[in-house]
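> Only the shape, not the letters, is given here:
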Ligand SMILES: Nc1ncnc2c1ncn2[C@@H]1O[C@H](COP(=O)(O)OP(=O)(O)OP(=O)(O)O)[C@@H](O)[C@H]1O
């Protein structure tokens, strides 16, 4: 019902919203794949606390490595200021204790204040330095993270634009690429969270050191007062992630239903088939079950959080009692006890922040893992280095020898041991029924696909032995599944030759050859019309108009080898005739490979190659193939008969056109 995105009918996570079970007689909405952007949250919901802690050092190290590679200066600033702020926190606590010692000493208040003054000044200075370091760290981080994001994203695009086309045939690759696309955000978040985590740890360590310096027993008090609450906070966080993941099915279904009920594409069919009641029922059933699951989990979260608060409160109370007993017993001075109270509060604040950062580092780390894993796996799809790098000479001959290609997960080859020769200046046609391998064969000649076996030669040498970049510049390809680039009409044609200056006269000449010139001039802004409705004043074109633009793109370069795959499937008869006239104009001068099902248009080709199930079954001129009475003759006769019928029925008296 929703195309490629839908997969199974059972939600992930084991819950089964009403309406999806086998017992239900009503039609049900299919389930969407698990959302890739939930990877991190899902992993966190499934990981135990031990696993989280075990992975933290590796993730933080990864973050530091990435930021170091991107900007050493700023990374150093963040590191120095983070450690520095921690050290200042320790000094701050020690200065606080000194102040308290002086204030709690005997004697007149004036004298006590005077005695405490140096420590007070030290405290002020230390606090100021710590604040300054915080600001410096913030500045460095703000400068660092956009640079990290950019470097990470650019690296991704460097890879996605370089991998071979066959990478996109592998299901897993497309999926992984989608996941990796969150890499820049994830790395930025991981870097930020890791820095904050390190800063929090430094602060905590500082409190610990200061407390030990004041009195070793106080460390025990500090641990008792902080650890139970920290555990409870982490546990509540864990439950929150579980709640989120439990709602994942609901969110997916909500998203699916929103698309179906509130978007333009589905609106006409929703009304014409009367789907309103059906979709609203689906909504009620899905939301009813999922909301109950959500509420149950929400109760558990609240219980754990409350438990954490109670345990934390009790532990803190116990520490204060312990401090009181130690004081009464004369084991610690009053100032040390007071400092411990301050330290406990500081440590609790740091720990609250820390637990948040721990979760963040872990979840973002999973996305970063997706990104780095994708980059590593994508190297397998990078084109092989090699070739002499020599510029290819002008084309004399293309020789295809024993060429085969088998797509992944296919039992039979799409192209099977094809051998043929195309001489410079020839116009040749690849014909055959749907799926016979024409596009695949042309794609290998155009260096878009790597053969499983065999070789394509340019003037007697395999394509890969020439400078591949220069070779590509000599070949223009108009693909069957052309892309509608979101640019102006002029740019849409100019991208056919990005390395040359986009001169308007060249663009217009190419458009004229593809019967696109008049049509483009009639657009609201002529050649400057944006061909994408997402933009203000953007326009969309009809299928045939787009096809003219893409043909113009192919003509722009006047390439030595032009491959046109179904260039006229959507053209009206007049445009089709003009386009093929333009293709014939190339004959004898430059080489053209034409793929088309309109066999009337290949009659003028120098050679016609007929493919069937990937095998080259016939080759020759139109006259030769018709005389042979084989597969081509059969297809041609079939098509011609269709036209004959029309002529007979609608145009009585008109001469029957000859078909060969
Ligand atoms: N990316 C792909 N992954 C898997 N199989 C593919 C892929 N592209 C094409 N095929 C299969 O390879 C075979 C040849 O396809 P190809 O597109 O070359 O045929 P074609 O002769 O150009 O067909 P058409 O006339 O319909 O354009 C078909 O069976 C097709 O299903």
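Arrived safely. Because the structure is a prediction, the values reported are computed rather than measured.
> State the mean pLDDT of the strand or helix carrying residue 256.
Per DSSP states H and E, residue 256 falls inside helix 248-262. The average pLDDT within helix 248-262 is 80.
> Repeat that for stretch 145-161.
91.
> Okay, buried residues for that stretch please.
Neighbour counts over stretch 145-161 (16 or more other C-beta atoms under 10 Å) mark 145, 148-149, 151-153, 155-156, 159-160 as buried. Any C-beta I mention is one placed from the backbone N, CA and C, and that applies to glycine too.
> returning to what we had before: quick check: mean pLDDT of the helix or strand that the helix holding residue 256 is followed by?
Next helix or strand after helix 248-262 toward the C-terminus (DSSP H and E): helix 267-272. Helix 267-272 shows a mean pLDDT of 88.
> Go through the buried residues of stretch 145-161 and flag which are in helices.
145, 148-149, 151-153, 155-156, 159-160 (DSSP state H).
> out of these, who's nearest residue 271?
residue 160 (39.6 Å; C-beta to C-beta).
> The closest one reaches residue 177, doesn't it?
Yes. When contacts are counted by C-beta atoms under 8 Å, residue 160 is listed as touching residue 177 (6.1 Å).
> Now do the shared contacts for the two.
Counting by C-beta atoms under 8 Å, 6 or more residues apart in numbering, the contacts common to residue 160 and residue 177 are residue 378.
> List the contacts of stretch 493-510.
Contacts for stretch 493-510 (C-beta under 8 Å, 6+ apart): 473, 476, 485, 487, 490-491, 511, 516-517, 527, 549, 552-557.
> how does it look with 7 Å?
Stretch 493-510 is contacted by residues 473, 476, 485, 490, 511, 517, 527, 549, 552-557 when judged by C-beta atoms under 7 Å, 6 or more residues apart in numbering.
> which two from those residues end up farthest apart in space?
473 and 517 (25.0 Å).
> secondary structure class for residue 455?
When classified by DSSP: H, G, I helix; E, B strand; the rest coil, residue 455 comes out as strand.
> if I read this right, it contacts residue 399, doesn't it?
No. Taking contacts as C-beta atoms under 7 Å, residue 455 lies outside contact range of residue 399: 8.3 Å.
> on that earlier part again, packing partners for the helix holding residue 256?
helix 276-328 (3 or more C-beta pairs under 7 Å, 6 or more residues apart in numbering; DSSP states H and E).
> from what I can see, residue 593 looks like it's in a strand, true?
Yes. Residue 593 forms part of a strand when assessed by three-state DSSP.
> so how far is the ligand from it?
12 Å (C-beta to the nearest ligand atom, to the nearest Å).
> Any idea how many residues pack against that residue?
Neighbourhood size, residue 593 [other C-beta atoms under 10 Å]: 25.
> Could you report the separation of it from residue 383?
Going from residue 593 to residue 383 by C-beta to C-beta, to the nearest Å gives 22 Å.
> For the protein, what lies in contact range of the ligand?
Contact residues, the chain versus the ligand (C-beta under 6 Å from any ligand atom): 169, 407, 410, 414, 432, 434-440, 480.
> which one among the residues you listed gets closest to residue 274?
residue 434 (35.3 Å).
> what's around that closest one, how many residues?
6.
> Can you read off the pLDDT for it?
According to the model, residue 434 scores 93 on pLDDT.
> Now for it: which residues touch it?
Applying C-beta under 7 Å, 6+ apart, no residues qualify as near residue 434.
> Just confirm it is within a strand.
No. Read with three-state DSSP, residue 434 is coil and lies in no strand.
> My guess is residue 579 contacts residue 573. True?
No. Contact criterion C-beta under 7 Å: residue 579 and residue 573 do not qualify, at 10.8 Å.
> Which of these two has more residues huddled nearby?
Set residue 579 next to residue 573 and count neighbours by other C-beta under 10 Å: residue 579 wins out with 24 against 8.
> Show me the shaky parts of the stretch 451-600 of the chain.
Within the stretch 451-600 of the chain, no stretch has pLDDT under 70.
> Pick out the most distant pair among the residues of the chain next to the ligand.
169 and 432 (21.1 Å).
> Which of the two has more residues huddled nearby?
It is residue 432, of residue 169 and residue 432, that has more neighbours when counted by other C-beta under 10 Å, with 24 against 14.
> With adjacent residues omitted, what lies nearest to the more buried one?
residue 611 (3.8 Å; C-beta to C-beta, 6 or more residues apart in numbering).
> part of a strand, is that neighbour?
Yes. Counting by three-state DSSP, residue 611 is part of a strand.
> Count the neighbours of residue 514 for me.
28.
> and it, what is it in contact with?
Counting by C-beta under 7 Å, 6+ apart, residue 514 touches 548, 551-552, 555, 579, 582.
> now the strands for the stretch 551-660 of the chain?
561-565, 591-595, 607-612, 615-620 (DSSP state E, counting those that start in this stretch).
> Return the most buried member of those.
strand 591-595 (a mean of 25; mean count of other C-beta atoms under 10 Å).
> got the contact list for residue 627?
So residue 627 contacts nothing (C-beta under 7 Å, 6+ apart).
> confidence score at it?
With respect to pLDDT, residue 627 scores 93.
> Ok, residue 202 next?
For residue 202, pLDDT reads 84.
> Tell me, how many residues neighbour it?
20.
> element containing it, please.
Counting by DSSP H and E, residue 202 is part of helix 183-214.
> now the helix or strand just after that helix, how far from the centre of its chain.
Sequence-wise, the next helix or strand downstream of helix 183-214 (DSSP H and E) is helix 217-246. Remark: helix 217-246 is offset 34 Å from the chain centroid, using C-alpha atoms, centre = their mean, to the nearest Å.
> Tell me which other helices or strands helix 217-246 touches.
By 3+ C-beta pairs under 7 Å, 6+ apart, helix 217-246 packs against helix 39-46, helix 183-214, helix 276-328, helix 334-378.
> Let me have those in JSON lines, extended by distance to residue 642.
JSON lines is the format used below for those (distance: least, C-beta to C-beta, whole Å):
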{"stretch": "helix 39-46", "distance to residue 642": "53"}
{"stretch": "helix 183-214", "distance to residue 642": "53"}
{"stretch": "helix 276-328", "distance to residue 642": "41"}
{"stretch": "helix 334-378", "distance to residue 642": "47"}
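> For stretch 352-364, give me every contacting residue.
40-41, 43-44, 52, 55-56, 59-60, 186, 189-190, 193-194, 196-197, 200-201, 204, 230, 233-234, 237.
> leaving aside the residues next to it on the chain, what's closest to the residue most central in space within the chain?
Taking C-alpha atoms, centre = their mean, the centroid of the chain lies closest to residue 181, which sits 2.6 Å from it. Excluding its sequence neighbours, the residue lying closest to residue 181 (C-beta to C-beta, 6+ apart) is residue 156, at 6.9 Å.
> is it true that that neighbour touches residue 179?
No. Contact criterion C-beta under 7 Å: residue 156 and residue 179 do not qualify, at 10.9 Å.
> So what's the residue count around the residue of the stretch 451-600 of the chain found nearest the ligand?
Going by C-beta to the nearest ligand atom, the ligand is nearest to residue 480 of the stretch 451-600 of the chain, at 5.7 Å. Neighbourhood size, residue 480 [other C-beta under 10 Å]: 16.
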